[in-house]
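Enquirer: give me coordinates for this.
(chains A and B)
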Amino acid sequence: MSAEEPIRTESAAASAPAAVDGPPVLIRLEGVRKQFGGHPVFRDLTLAFRRGETAVVLGASGVGKSIMLKLILGLVKPDAGRIYIDGAEITRLDERHLMPLRTRFGMLFQGAALFDFLTVYENVAFTLREHKTWPEETVREVVRQKLALVDMDGTEDLLPEELSGGMKKRVGLARAIAMDPEVILYDEPTTGLDPVTADTINELIVRCQRELKTTSIVVTHDMASAYKVGDRLVMLHEGEVIADGPPEAIRGHRDVRVQRFIHGDASLAAPAPQGDIP
Amino acid sequence: MGIAKPIADMGRYVADRVGDLGRFTIFSAHMFRWVFTDFTRWRLLQPQLYEVGVRSMPVIVFTGAFVGMVLAVQSYFQFESVGRGSWSGAVINLSVVKELGPVLAGVMIAGRVGGALAAGLGTMKVTEQIDALRAMGADPIRHLVVPRFLACLLLIPFLTVYCDFVGIVGGYVVAWGYGVDTHEYWMHSANVIENWDIAAGLIKSAFFGAAIALVACYKGFQSRQGAEGVGRAATEAFVVSFMAILILDLFIVLFLQGLYDYLWGRASIFL
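Expert: Numbering: from 1, shown residues only, chains lettered A, B, ... in the order given. Modelled structure (predicted):
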């Protein structure tokens, strides 16, 4: 999505992807409702992601950012509403039909979620062995390339328990991009990391985006990360989209809830109106 | 108002249990579909064979040996009081191969393997490793449950053979210590124990292995978040497996006894 595109509020976001020129919509959530144990997470979430963009989804802890990623992958089913991937509805698909669809995605989980019984090499090779009929030499070469891309070459024989938090995230990223996915989903990629390591991860996200030309959705509450990797920021609050647009527009957003979040200041008052920013 | 709440609570409890049984049935059916349509890969099965088989050996040997020895201590003096001390071998060895070997091996494996399987899978669930498998287009039941199920199904009968063997040796050592005539001890044992008795014990153990694996894996997959959730899953896996072993034991014994009577007629060790 270009930086010139206007900020979309929740209601605008529902109609904007079809109305505005630009890359086609790849992922669309329409009127999604989800609750856990009587606690509503999404009441009526409508949101679309375009092919090739890096969208950062912001929001406080527990607002449902990670659930949104799992809804997109079909790991969690919505109570109501529809989810489309490339124009095809996936909401009611069963696991057998979702499995091939998921190979088009790569996901970096919050804690990396590396398989603790497999080595780094086996973790990255997992999807290749599962979905490709390549000889082991080809798998080995692809794994080597992916680990080199995230600066983790030479760690093939290590177990996840021997890696630091940042190294796990990098191996998790190598695993996520092993199949050259169309879409990469990042769940809190910098959470729990020191600022320097977090910046390294941000650099890797940018590098993957540049070299692999993927669509990326990054879920985070780290504003430094959001500004660095995102060309579109979406803010969720109480299960709804309250801001949606390029980073510079979000910086000047008038909604006090947005300003409080991006400045990390709960006592912040609403800013004075600025021009025609909604 | 006074009676409504207990009735509502009871209804909710029953609905939860029925729902749990339904989920377990779907889980098991899903697992069996993979077992029969796409046999697990050696790469996945091998570590589970090691975990279930090799690492359970010490506890199985320990259990078998002490079961045999305790049986010998308790039965020898009863037979000796009627001047038939060497007959204790028949009772000790028959008890071990038909009942105590398979059941106690099953119980020990439910504790050691069942708890470990549930805790391991529960940890994988709370650390999102199971979600990661699904996100990569892989079926967690095929990759995680099928190898564990097959390892338990195939190896628990072998472990039971070890348990039986060590129990028989343990019983003999104690009887020998009491001065029982070795030839008579083994002769009475051989006269009483049939191949059917050994086979019945092994058939039971295969069912116990299947039940332990299914219950433990299901509990692991259903684990709630946090250390408490994983700990609870491991505990529940053991308790439910233990109950399943006892219930299965009764019904398998009833079935096998009926089958034996049908094929060869009723037999007694006293005739």
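
Enquirer: quick one: B:Ile198 from B:Thr160, how far?
Expert: 10 Å (C-beta to C-beta, to the nearest Å). Placement of C-beta: from N, CA and C, glycine included.

Enquirer: sorry, wrong one. I was asking about A:Asp153.
Expert: A:Asp153 sits 48 Å away from B:Thr160, going by C-beta to C-beta.

Enquirer: hang on, the earlier thing: B:Ile198 and B:Thr160: who's more crowded?
Expert: B:Thr160 (28 against 16; other C-beta atoms under 10 Å in any protein chain shown).

Enquirer: what residues does chain B put near chain A?
Expert: Proximity of chain B to chain A, by C-beta under 8 Å from any C-beta of the partner chain, involves residues B:47, B:124, B:127-129, B:131-139.

Enquirer: kindly recompute the last result at 7 Å.
Expert: B:47, B:127-129, B:131-132, B:134-139 (C-beta under 7 Å from any C-beta of the partner chain).

Enquirer: buried only: go through those for me.
Expert: Taking 16 or more other C-beta atoms under 10 Å in any protein chain shown as the criterion, what is buried in the residues of chain B next to chain A is B:127-129, B:131-132, B:134-139.

Enquirer: turn those into CSV, columns for pLDDT and secondary structure.
Expert: Converted to CSV, those look like this (pLDDT from 0 to 100; DSSP: H, G, I helix; E, B strand; the rest coil):
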residue, pLDDT, secondary structure
B:Thr127, 93, coil
B:Glu128, 93, coil
B:Gln129, 95, helix
B:Asp131, 94, helix
B:Ala132, 95, helix
B:Arg134, 94, helix
B:Ala135, 94, helix
B:Met136, 93, coil
B:Gly137, 91, coil
B:Ala138, 92, coil
B:Asp139, 92, coil
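
Enquirer: what's the closest of those to A:Ala48?
Expert: B:Ala135 (21.1 Å; C-beta to C-beta).

Enquirer: for that closest one, give me its contacts.
Expert: B:Ala135 is in contact with A:73, A:75, A:102, A:105, A:107, counting by C-beta atoms under 7 Å, 6 or more residues apart in numbering or on different chains.

Enquirer: check the secondary structure at the residue nearest to it when sequence neighbours are not counted for me.
Expert: Sequence neighbours aside, A:Met107 is the residue nearest to B:Ala135 in space, at 4.6 Å (criterion: C-beta to C-beta, 6 or more residues apart in numbering or on different chains). Three-state call for A:Met107 (DSSP: H, G, I helix; E, B strand; the rest coil): strand.

Enquirer: and A:Met107, how far is that from B:Pro140?
Expert: With distances taken as C-beta to C-beta, A:Met107 is found 15 Å from B:Pro140.

Enquirer: any idea of the pLDDT on the nearest residue to A:Met179 once chain neighbours are set aside?
Expert: Distances taken as C-beta to C-beta, 6+ apart place A:Thr127 nearest to A:Met179, at 5.1 Å, with adjacent residues excluded. pLDDT for A:Thr127: 93.

Enquirer: just the one 10 residues further on next, same as before
Expert: At A:Glu137, the model reports a pLDDT of 94.

Enquirer: OK, contacts around it?
Expert: Neighbour list for A:Glu137: empty [criterion: C-beta under 7 Å, 6+ apart].

Enquirer: which stretch of helix or strand covers it?
Expert: helix A:136-149 (DSSP states H and E).

Enquirer: what's the burial count for B:Gln48?
Expert: Based on other C-beta under 10 Å, the number of other residues close to B:Gln48 is 23.

Enquirer: for it, which non-adjacent residue is closest in space?
Expert: B:Ala151 (3.7 Å).

Enquirer: swap in A:Leu69?
Expert: Using C-beta to C-beta, 6+ apart, the closest residue to A:Leu69 is A:Leu185 (4.8 Å).

Enquirer: how far away is that neighbour from A:Val150?
Expert: Separation of A:Leu185 from A:Val150 (C-beta to C-beta): 16 Å.

Enquirer: pull the number of nearby residues for the residue nearest to A:Met179.
Expert: Using other C-beta under 10 Å, A:Thr127 has 23 neighbouring residues.

Enquirer: surely it touches A:Asp180?
Expert: No - counting by C-beta atoms under 7 Å, A:Thr127 stays clear of A:Asp180, with 10.5 Å between them.

Enquirer: which residues touch the most centrally placed residue in chain B?
Expert: The C-alpha lying nearest the average C-alpha coordinate of chain B belongs to B:Gly106 (C-alpha atoms, centre = their mean; 2.5 Å). Contacts for B:Gly106 (C-beta under 7 Å, 6+ apart) come out as B:156, B:205, B:208, B:212, B:245.

Enquirer: from those residues, which single one is nearest chain A?
Expert: Nearest to chain A among the contacts of B:Gly106: B:Ile212, at 19.9 Å, using C-beta to the nearest C-beta.

Enquirer: name the SS class of A:Ala113, please.
Expert: Following three-state DSSP, the label given to A:Ala113 is coil.

Enquirer: coming back round to it: widest-spaced pair of the buried ones among the residues of chain B next to chain A?
Expert: Greatest spatial distance among these (C-beta to C-beta): B:Thr127 and B:Gly137, at 19.5 Å.

Enquirer: export the residues of chain B next to chain A as CSV, with columns for distance to B:Trp34.
Expert: Shown next, in CSV, are the residues of chain B next to chain A (distance: C-beta to C-beta, whole Å):
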residue, distance to B:Trp34
B:Pro47, 18
B:Thr127, 23
B:Glu128, 22
B:Gln129, 19
B:Asp131, 19
B:Ala132, 19
B:Arg134, 15
B:Ala135, 19
B:Met136, 17
B:Gly137, 15
B:Ala138, 12
B:Asp139, 7
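
Enquirer: quick check: closest non-adjacent residue to B:Thr160.
Expert: B:Thr160 sits nearest to B:Ser205 (C-beta to C-beta, 6+ apart), 3.9 Å away.

Enquirer: neighbours of that neighbour, just the number please.
Expert: The burial count for B:Ser205: 28, using other C-beta under 10 Å.

Enquirer: please, which helix or strand holds it?
Expert: Counting by DSSP H and E, the element that carries B:Ser205 is helix B:195-221.

Enquirer: now for the helix or strand following that helix, which elements pack on it?
Expert: Using DSSP H and E, the helix or strand that follows helix B:195-221 in sequence is helix B:226-264. Judged by 3 or more C-beta pairs under 7 Å, 6 or more residues apart in numbering or on different chains; DSSP states H and E, the packing partners of helix B:226-264 are helix B:101-109, helix B:115-126, helix B:195-221.

Enquirer: for B:Trp196, which non-adjacent residue is spatially closest?
Expert: The nearest residue in space to B:Trp196 (C-beta to C-beta, 6+ apart) is B:Tyr260, at 6.2 Å.

Enquirer: tell me the pLDDT at that neighbour?
Expert: Note for B:Tyr260: predicted pLDDT of 90.

Enquirer: once you drop chain neighbours, what's closest to B:Leu44?
Expert: For B:Leu44, ignoring the flanking residues on the chain, the nearest one in space by C-beta to C-beta, 6+ apart is B:Pro147 at 4.3 Å.
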